[in-house]
Every structure is written in structure tokens, then in C-alpha cells.
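**Q** Have a look; sequence and predicted model below, questions after that.
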Amino acid sequence: MMRYTAIFLFASWLATVGYCQVSESSESPHFEREILPLLYGRCFSCHSEKQAEPKAGLRLDSAEGIAAAKVLNVAKPEESELLIRVSLPHADEGLMPPLNGGGQPLNDAERNLLRRWIAAGASMQGWKRFEHREAAVDYKAKPVTRTDVPQLVRQFDAIVERHHSAAKSSLNSKNSDEAFLRRVYLDVAGRIPSLAESQEFLDNTAPDKRSRLIDTLLDGEGYISHTFNWKADQLRLITRGLPGQPGYLYDEWLKESIRSGMPHDEMVRRLITADGYLWDDGAVGFYLRDRGMPFDHMSNMARVFLGTRLECAQCHDHPFEPITQREFYELTAYTFGVSNLYASSGYSTENVKQWKAVTAKLDAMDAPKSLRDFVSVTAAPLKRLTKDTEHRLRFGAEFVADPRLQGQTVQWRTIFGDEAPASVETRREALAAWMTSPRNPRFAKNIANRLFKRVMGVGLIEPVDSFSPVNRPQHAELLGFLTETMCRLQFDERAFLSLLLNSRLYQSEAGRGELETGAVFPLRGPLLRRLSAEQLWDSLLTLLVEDLDERKPAEPDRGPLGKEYLARLTNMTADELLARSYETMEYHTARRTHTLELEKQRDALRQARVAGNVEEARRLQQEFANANEPFEELHRRLNMGGPATVADSDPRWVKLPSTLVRASELPTPISLGHFLRQFGQSDRREIDAFNRNPNVTHSLGLMNGELTTAILEDTSLLRRILSESNDAFARTIEIYRAVLVRSPTEAELSQLRPAEEPRLTQEADLIWALINSPEFLFQQ
Amino acid sequence: MRNQFPADMSRRRFIESVAKAWFGVNLLQAAGNAVAAPPPKPAKATNVIYLYMRGGISHIDTFDPKPGREEMAGVQTIETSVPGVQVSEWFPRMARQMHHVTLVRSMTSTQGVHERGNYYAHTSYFQTPTITHPALGAWVLKQRGSDNALLPGNILINGSPQHPGSGYMESHFAPLPIVDPEAGLQNSRLPNGSTAMDFRRRTQLVELLSGGFRSTTPHRFAAAYDKVHAQAVELMKSKDLAAFDISQENEATRAAYGDSTFGRGCLLARRLVEHGVRYIEVEDNQNWDTHNDQIESMQRMTPSADQAIAALISDLHQRGLLESTLVVMATEFGRSPQLSTVTAGRNHHPAVFTWWAAGGGIKGGYVYGKSDDAAERVAENPVNMPDFNASVAHAVGIDVAKVEHSPSGRPFTVADNGQVIHDLFA
């Protein structure tokens, strides 16, 4: 989804500069709405007050500057320097914006727009100058809670209604209970409903059954799983991404933050101010994930929490926006001093409080290098401590924007909205407070826009990370309302989703085509889209695993990376640490011998088997088991960990492989051939790096893959439920409801009639066919 | 020129602007290509087999031995088919293929962590969390296209989950993963207990029942999934599917490659080349990260690797495919020449290591670059990963200076401006 073609580059750039709809009438284009975005995106990077010395002395960011530049010729628009320079062929060095700076040439429509504006008198229509520093939001609204949602829904619906009466359009018709059921399950629980869940809802005759279902789902386990996937894609969580560290604790922290209903602003505050070890505060994973990469860390933070892309300004002034490298450095200065972020110095024996005492003991006993090495290994998890340091960012050699500043310390400063002065000790608190304040012009808007996209299929600002002062939302009133509501709800994501899900817009039939890039979302109903890899996996598992959401993988024995052991290690005395190091050393020596021994054993067994000597193979196996027992005993005694071998004892799941759990419970990135990867699950290297593009392997996987095969088996959950009915017709209906969450149409039933004989193979055929129908892959 | 022929120039400008407006042609690009020096030697390679040794294979114990040095820890050196070029005793089969190979013994890198070294080797760029760069295979497929309409042009055998794939490029340039070379293309065969009759009946049923959705859903992905479904059905029936079936090889060939997963992968790679697959990467599923017990670990792992690689080169040669197939061996770094006194293993060593190439227009029996006597540093002609990868790209006829933009507008080249090493080419 996020990896588009080069064409997208161009289109997204158009979108970024503000969905300028080119009016064809002869009157002057609107300056601030149509012309300013062009100047902002194509000119301000070099010709504005943001540069110490604007190129060619030109300043196009004020009415005065434009007049002084003498680049417009109202009498002969074609002879305007401005128009000439943006119309040159691409091979011409005089072309603006310059291609070698990464600039994107204007297209014909944009040039025409400029020409018409100049011909109509080049009026600024009262505009004086561009305010580069976006103002803070003056926010005073009264807080509300989830119980106020019905009232908020009425306001939301009224805004949408007003839009339609002005635009002479209308909402799509209200969707059926079945369509609503499937959609809301996929959006909130991340999977299709089970047959029993469908039945319960469809049989319910209460008039408010939809809003009740919304509440139930938002408070359910499925919501946590689905929301985890969504957030983990943004935060780029990788299960085994931190060698030697209990990285899984960051995953656990995020899940717990969702479970406990931690408001979005609180979550961001906790991430930014995280300190200590992962086992004290899982949120430090936020810094460990980007260790050694302070600039990228800030780019990603701005992108995910402020809807703003700054990464161009990491290395030079931004070529498409008047964002300077200096501004980027100033923002980065807030977090630069975090130990693991600015350099690997967060990994140091200085963080191990027992270190001095232990080394003194080692010196006293004149310990050999091998023991010293193992003290180091044993204490290794304690070396990586995330904390504030005095370290300050300087303008270094990579700071190319203004060489005169090189060597100077960077003073932290926010990039828009309020200023946030701070001391070294308080800089992260100050950043967090500025970032998450309702006064921040982009924070609440970003999460509101992203949650809107999550359930409607498209954001009101697209791409969702293209916020800029000139990027006007398509439905400004609606986005304004949602942004304010997000603040009033105090960033309660469940309450906000409840508002969206209860709206008439959400409960309308989906638009069935796609929205062209840059086109305006018509607000008639959510967009049709392909299910995510996780939704597909979890939906197929719904047909296989009873009470799927409750099933969690057995907790593996994490050994030296277990939370309890690490807490104990942190508080060990020097003697205890030394003793543990001895043990570790002995263990490693034993393990090396054991590993080599295992190789020999394998060879011997293979030879016996190749020779067809079953008796000998059995004898060897027994012999080896006995021989290996002392090491395994040592391994257990020293708590060195290992994969969970405990089978699931729950009667509901006892016959199922342990890997059939929801996607959120599996490690990421998972192996390349796995169903989830095939269908485009993110490798979490980049933000939202999932993709939903069709691929032949998808069809192969759904036709012949393990999940389909398992569902077709006589003993599968679905087949067992179906077997409770003797009536072939009833079973046909059930199959449709189970897979597509709807009843078959008359037309479909009449097509199925010839195959209606109660033969089991035909039941399997129908299940197979529905899983392989395109309808199954899409959310409508 | 410009002042002399103003009329012509304006005519040219006009043509250019029309071309840009109507066809989206980027003439700047075309002009840039025209003035660039033509490649000194014509590209000979049409296919690439990229062998990746996961974990960082030692250089001193393999293709850059130092006879008589204590760092060798007793490992012996043997002569090869090329006088004066020696390899370690653990590669007796490869020694007999050395006349096809150019060893680059002066590889050097700054990335000493597996994940980052692996990423650098595959993409030629340093890893950053704001963008994923495409691996070389995606570049080659994008620039050179595929010779087989039905089979994917970029295939990854035994790949690890961290493989960068197509990076920011469109997902259809990503390598198709083959998880088990013995099993072939995943899910391309009917599952056990399912017959061709079942399959025909079921696909007909899909056809019968999905009309309603199709007719009411103009979304391009809906149509694309119909197409993909039809392609999948076609692929299952297609003769090309046999490309993935190494059981069709005779016993002698299978035996030559050995029964290791890597050997099976190499054999599969050769079959895929025969079916026109442009780029195949085979990862050795053995872990070459030999921190413990170097000697024992290498004794365990080298026989299958030696057998598989030597069989691949010899087999390609015998079939006349080596001329047009470039075989490369890469890894994330070398290993420290000093054995650890504690673990008897070797640690990560990016300062110098060996990659090699064979076939596809590369010199045979040649050694490029040199490490110092202790195999610790580069002594002559340092080569970094971008240089080597640029040479691979050049060998398959890709313009290494060509700039491509990511969706976010950032400019990239196939090997991050690596310098083609023309001396590698015959």
C-alpha cells in the first residue's frame, strides 16, 4: 500500500500541495487556495525569508516580495519571468524548480492556473505575507466522555448532511445488518465474526443493537489485537530486533497500553519520556528501536504523531517545503541527549551499578580473561540503559545548510505552534507537553485523521503524513470537528472510534470503486478495500479456532531474558553477579562440548538409518538421551531458557498447532513463506510498510494452502458446526454466513441448486469456492 | 551551439516540451544517458545467481588463506586449477573450478553487525529507518524485465525474513520466496487428498458464484484478483511449473549437488535460469556466524557448501550457460583472523573479506585485490559492496549511473554510485 510507483510520487506531490482544484472559469483563481500552495511547494524552499540569503535575492513569500521581484507581467502573461522559468524544457538549466535539487516541475494544469491568475491581474486578494511559523490552536472547548458519543454522532451526521445538501449529493443508502456486521467486526476486532456471533447479532431485535455491538467490540480482546497491529506498523515493532535485550517487553507494553485504554496523548508522552531498562518501562523500546539514529528517530516521530514528513531536512533544507535543516536540528535537539539514541554509548559498563565492585574483585583474584569475558556477558543486559545525558547536539560536518554554524551547540526549539523552552533535565517533558497539547496544530488532527482513515478507508488529508500549512483538508469543517472532538474526548481512542462507527457515514454502503489519487472523498460511505494480511489470517482462523481471540501462545521460557530474572540481575550484589558469571562460564563450556557432541550423534543416527538398521538407531537414541541428560539438567537448573514445549491443554484447542493464534501474537517479521508475509504484512522496517497489491501467490495460498486445507477437513471447527444440521439447504446458508457473513442471494441459490444433493464433497467445494471468491478478500 | 542556431533550439525545446507533456518522457534522463561514456565492454550476462552465505563466512579459512601463518590455526592450503591461486583445504571441489572464478580478496565494509551488513550487501545502502532500499534483484528485474511471462523474474531461495525485497519499489519486483527448494513453488500443487477433478469442479464453482461481486465492483484490485486467480490456475497447469521441480533431474545431477538444502537450492537456481528467470538468490541456510569452535564448525559446514557451489559452476559450464549466467558469492563480512582464546571461534571482521564472481563475462582464474599478510586489512585495491554490486549490475547491462526516485522523491542509483570494476571483466 505504501510502496507506490513513480507516478505516485508526482500525484502525491500534487496532493501535498493541497488538492488544488483547477477552476476553469475566467475569473481569477483564488490566491490563497490555489496559487499560494504552488508557490509554497515549488518556490519557498529557496525564495523565502526562511533562507539567510534567498536565491537570486528573490522572496516570493510576501506580497511585497513578489512585487519587488518583478517576475509578473500582467499585460503579457506569457512574458512573465515566473511563467517562463517554470515552463522551460527539462534539459534547460534555467528551469524552476531545479530538477537537480529534487524539485518537481509544474504540469500543464498548474502552469495554466498561473497564467490565468497573472492574466486576471495577479491579485493577491488582500494577502500580505506567508506566516512560516504555523500558529498554535486556541483551544478552550469543554471535555466530554464516551457517554456523550450519541450527541457527538448527531453533530457529525449534521456536518455530513450539510455537505451533501450544499454539494447536491447524498449518502449511500444505509447498509444491511449483514454488511454492517462484517464491516464492523473487521474494523474493530480485525476479523470476521464467528457463526455464533453473527447469529446473536442478526437475531437481536433491539433498535440500538448496532451501537451495542460497537461497544462490545471496542471493549473486547479482538480490538486489542487489531489495534496492536495498526500501532505496531507505525512504531515499527520487531519482536527480535534488540539482540541481547528483552525486546518483547516493548510489544507487551504497547498491548497493555491499548488494553488499559491509555489515551493517545498519554501514550505519546510515555514514549517520549521513557527511561530506564525495558523491564522497568517497556516504552524505552521507542528509543532502542532507533538506537544510534537520532535524526531518523525524530523524522519518524514527526511522521507518526504529527502527520509531517521531515526526513528531507535531515541532510539539507527540504526541497519541497520551506523547512530548513536548522529547524530539523533544533527539533532533534530535544531528544538527542537520550543515551541510546545519539550513539551506542547507552551500552556501557557505566550503567552496571555492580561493575566497579566486581572488577575490583576480579583484579584482586587476578582473574583470567575468560572469567572477565563472562562477567561481561552476564552483565550485558544491564549495560543498555536508556537515560538522559548531558550530551548536546552540535551542528556538525553534515550540517550543510549554513557552514558558519558548524561546531556550535544546537538550541532546542519547536518547529511550529507554541514555543517550548526547557532545561537539559526537562527537555523531553517539554517536547512531550508541546507535542501532545491540544494547542499543537497537528497532533490531535493527525490521530483524528489516521483513525478516520482506519475505518473509512481514506483520510481527510491524504497522504496522512503530508500535513503542511497549505495542505487544506477536503472537508475542513468535518476535520475541524473531529480534531476538536479528539481533544474534548481527551484522546480516548475507543470513544473517538465509537463516534465514527455510530455515524450514518460509516453505516452507509461502501463506495465500490476506488478513489483516484488526489480526488476528493465524496463522504458517501466508507471505501471498499482489500483486507490486510492480518485481517485475512485472523478471519480464516475464525473458521478454525474456537474463541480465537482468547487463544494466546504459551509463554516461552525466556531464560536470561525473562523479566523476573532481569529484575533479579539488576539487584544482584557483586558476589552474586560473580557467582552467576561462573555458572554462565561453565554452562557455555559445557554447551560447546554438547553442541559438537550433538553433531556426532546426528551423524551416527543418520548412518544407522541410511543403513536401514532400525534397531541400532533406536538403541543410539536411547543412549544419546541418557548421555545428554546431565547437560539438559544443567540447562534447566541455570534457567537458560528455551522454546515452549508445553502443549496447549485447553480442550478447545488441544488438537490445533500452537502457531494458529492471532497475527498479533506471532513474532515479526515472520518468515518469508508465511501466509502473513505472502499477503503483504509489514516487515516493520519502515512505517506502514504493508502492501495489499494482488499477487499470484495469494491465489495459490488460498486454493492450496494449509489454512484452506485445514478448514476443509471433516474435523475442522466449521465442518463440525455444519455437521450439526442434516439439512443441505440450511448448511448452504450457514456456509455463506460463515465465510462471507451474508446469506446467499436467490440467484446464487438457483445456481447452486443442481449441486444441492447432500454430499459432503460438495459442502467442501462450496467452502473452497467462497474462500477463493474475490468477495472474501474485500471489506465492503 | 545555442547562440549559433537559435531557431533550431527553439524547435528542439518545442519538441521536448511536447514529448514531456504527451508521453511523460524525461528527456533530461535521456540526455544524461546519451553523454555518459558507453560501457567499455558489452554486457554478457543475462541471468544472475547470487549466493549469499548467511552469518558472515570466514575469508581466511576459505578463499583467502595465508599458508604458514599461525592465524590459519592449522588449516591447510591447497592448489587450484589456476597456478598460484590457493584456497583452503576445505574447498577441494571449488579448487577445480577456480579457472572460472574471479576472487575479490579486498572487499571491505564498515558494517560489523549482521543485520546492517546483510542489508548493505543486498542494497548497497546503509540501513536507515526512514526508507527501505530495494535489493539488487529488484533493480535487475525492474531494469531488465523478465524473459518468461508466467514465472516471476526474481526468486529468493531459503531467504531470511529480514531480506529487503523490493524496498520502496513496487511489490511485484520483490523476490518470490521459495521456502523449501525440494517442495518447489509454495502452494502450487494440489494438497494431499485433493484431486484434479476436485480442483476443476471448485474453480468452476468460483466462476459461477463470483459474477455478482465482479459486476458490482469496479475497483481495480477486484479485477486484478480475478486475473491473479486465473494466472494461478494457469500456472498450476503450466509446463513452466516444472522449473521448480528438481525431482525431474537425474540421479547423477542430484548427487553432484549433494543433499543439503543449499545444494538443492543451487540446483533449483540452475533450472530457473534455464526457464528464463532473471535473478535468483540462494541463501545458504547454514549459519556461518562461527563465534565458537571455528575449526569444528567449518569442518561441519564447508563440505556441503563446497559441493553445491562447485557443482553449480561446473553444471552451468557444461550446459553452456556459464557464459550468460553470472554467479556471485556474497556475505555480510569476514571473520577475525585471530581465533578467540575463550571460544576458539572467530568474531565479525568487516575490514577485509572475500566475495567472488564467475561466468557472465567475468575473467576466469583471476584474483582482484589483496589482503595483508595477516588477512586483517586491505593491502591492495579496496572494493566496497557498492562497487561489487555495481559491477554485477553492469555485467547484466544496467546503467549504474541511472537515477531513480522513490515514491517520496528521493534519488537512488542501482548500487549507490558504486564504481564498476572493469578489471573483473574478460
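**A** The structure has been received and is ready for your questions. Residues are numbered from 1 along each chain as shown, chains lettered A, B, ... in the order given.
**Q** you'd agree residue A:103 is up against residue A:97?
**A** Yes. The criterion here is CB atoms under 8 Å, and residue A:103 meets it with residue A:97 at 2.8 Å. The C-beta positions use only the backbone N, C-alpha and C, and glycine is treated the same way.
**Q** Which residues are in contact with each of the two?
**A** Common contacts of residue A:103 and residue A:97 (CB atoms under 8 Å, 6 or more residues apart in numbering or on different chains): A:42, A:45, A:319.
**Q** just checking: which of the residues you listed also lie near chain B?
**A** residue A:319 (CB under 8 Å from any CB of the partner chain).
**Q** Return the item of the shared contacts of residue A:103 and residue A:97 having minimum pLDDT.
**A** Looking at these by pLDDT, the weakest one is residue A:319, with 79.
**Q** burial measure for residue A:409, as a count.
**A** The tally of other residues near residue A:409 (other CB atoms under 10 Å in any protein chain shown) stands at 10.
**Q** Look up phi and psi at it.
**A** phi -70, psi 140 (degrees, to the nearest 10).
**Q** bridging residues for it?
**A** Note on residue A:409: beta-bridge partners residue A:394, judged by DSSP bridges.
**Q** so how far is residue A:323 from it?
**A** Separation of residue A:409 from residue A:323 (CB to CB, to the nearest Å): 21 Å.
**Q** Show me which residues of the stretch 601-750 of chain A are close to chain B?
**A** Contact residues (CB under 8 Å from any CB) of the stretch 601-750 of chain A with chain B: A:669-673, A:677-678, A:680, A:683, A:685-686, A:689, A:691-701, A:703-705, A:708-709, A:745, A:747-748.
**Q** In helices, which of these appear?
**A** Residues from those lying in helices, with DSSP state H as the criterion: A:677-678, A:696-701, A:703-704, A:708-709, A:747-748.
**Q** Reformat those as TSV; add distance to residue A:60.
**A** Shown next, in TSV, are these (distance: CB to CB, whole Å):
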residue	distance to residue A:60
A:677	48
A:678	50
A:696	50
A:697	50
A:698	49
A:699	53
A:700	55
A:701	54
A:703	58
A:704	60
A:708	60
A:709	64
A:747	61
A:748	62
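**Q** now those: which count as buried?
**A** A:677-678, A:696-701, A:703-704, A:708-709, A:748 (16 or more other CB atoms under 10 Å in any protein chain shown).
**Q** Which of those lies at the shortest distance from residue B:347?
**A** Distance to residue B:347, by CB to CB, is smallest for residue A:677 among those, at 31.6 Å.
**Q** Return the residues in contact with the closest one.
**A** A:533, A:669-671, A:683, B:161, B:177.
**Q** Show the pLDDT at the most centrally placed residue in chain B.
**A** The centroid of chain B falls nearest to residue B:50 when counting by CA atoms, centre = their mean (3.2 Å). Listed pLDDT for residue B:50 reads 98.
**Q** which helix of the chain spans the most residues?
**A** Assuming you mean chain A. Max-length helix for chain A by DSSP H is helix A:574-610.
**Q** look at chain B instead
**A** Selection of the longest helix in chain B by residue count, based on DSSP H, yields helix B:294-318.
**Q** Beyond it, next helix or strand please.
**A** strand B:325-331 (DSSP states H and E).
**Q** From the contact counts, what lies against that next one?
**A** The helices and strands touching strand B:325-331, judged by 3 or more CB pairs under 8 Å, 6 or more residues apart in numbering or on different chains; DSSP states H and E, are strand B:47-53, helix B:294-318, strand B:353-358, helix B:385-395.
**Q** Just put those in a markdown table and tack on distance to chain A.
**A** Output for the helices and strands packed on strand B:325-331, formatted as a markdown table (distance: least, CB to the nearest CB, whole Å):
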| stretch | distance to chain A |
| --- | --- |
| strand B:47-53 | 13 |
| helix B:294-318 | 6 |
| strand B:353-358 | 21 |
| helix B:385-395 | 18 |
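**Q** Of all those, which one comes closest to residue A:149?
**A** Among the helices and strands packed on strand B:325-331, strand B:47-53 comes nearest to residue A:149, with 54.0 Å by CB to CB.
**Q** What segments of the stretch 101-250 of chain A are helices?
**A** Using DSSP state H, counting those that start in this stretch, the helices of the stretch 101-250 of chain A run over A:108-119, A:149-167, A:177-184, A:195-203, A:209-218, A:221-235, A:248-259.
**Q** Redo these as CSV? Include distance to chain B and mean neighbour count.
**A** Listed next are those as CSV, based on distance: least, CB to the nearest CB, whole Å; neighbours: other CB atoms under 10 Å in any protein chain shown:
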stretch, distance to chain B, mean neighbour count
helix A:108-119, 6, 18
helix A:149-167, 22, 15
helix A:177-184, 13, 20
helix A:195-203, 19, 16
helix A:209-218, 24, 19
helix A:221-235, 11, 22
helix A:248-259, 15, 20
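**Q** Would you format those as JSON lines with distance to residue B:400 and mean pLDDT included?
**A** Compiled in JSON lines, these are given as follows (distance: least, CB to CB, whole Å; pLDDT from 0 to 100):
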{"stretch": "helix A:108-119", "distance to residue B:400": "33", "mean pLDDT": "91"}
{"stretch": "helix A:149-167", "distance to residue B:400": "52", "mean pLDDT": "97"}
{"stretch": "helix A:177-184", "distance to residue B:400": "49", "mean pLDDT": "98"}
{"stretch": "helix A:195-203", "distance to residue B:400": "57", "mean pLDDT": "97"}
{"stretch": "helix A:209-218", "distance to residue B:400": "53", "mean pLDDT": "98"}
{"stretch": "helix A:221-235", "distance to residue B:400": "34", "mean pLDDT": "98"}
{"stretch": "helix A:248-259", "distance to residue B:400": "40", "mean pLDDT": "97"}
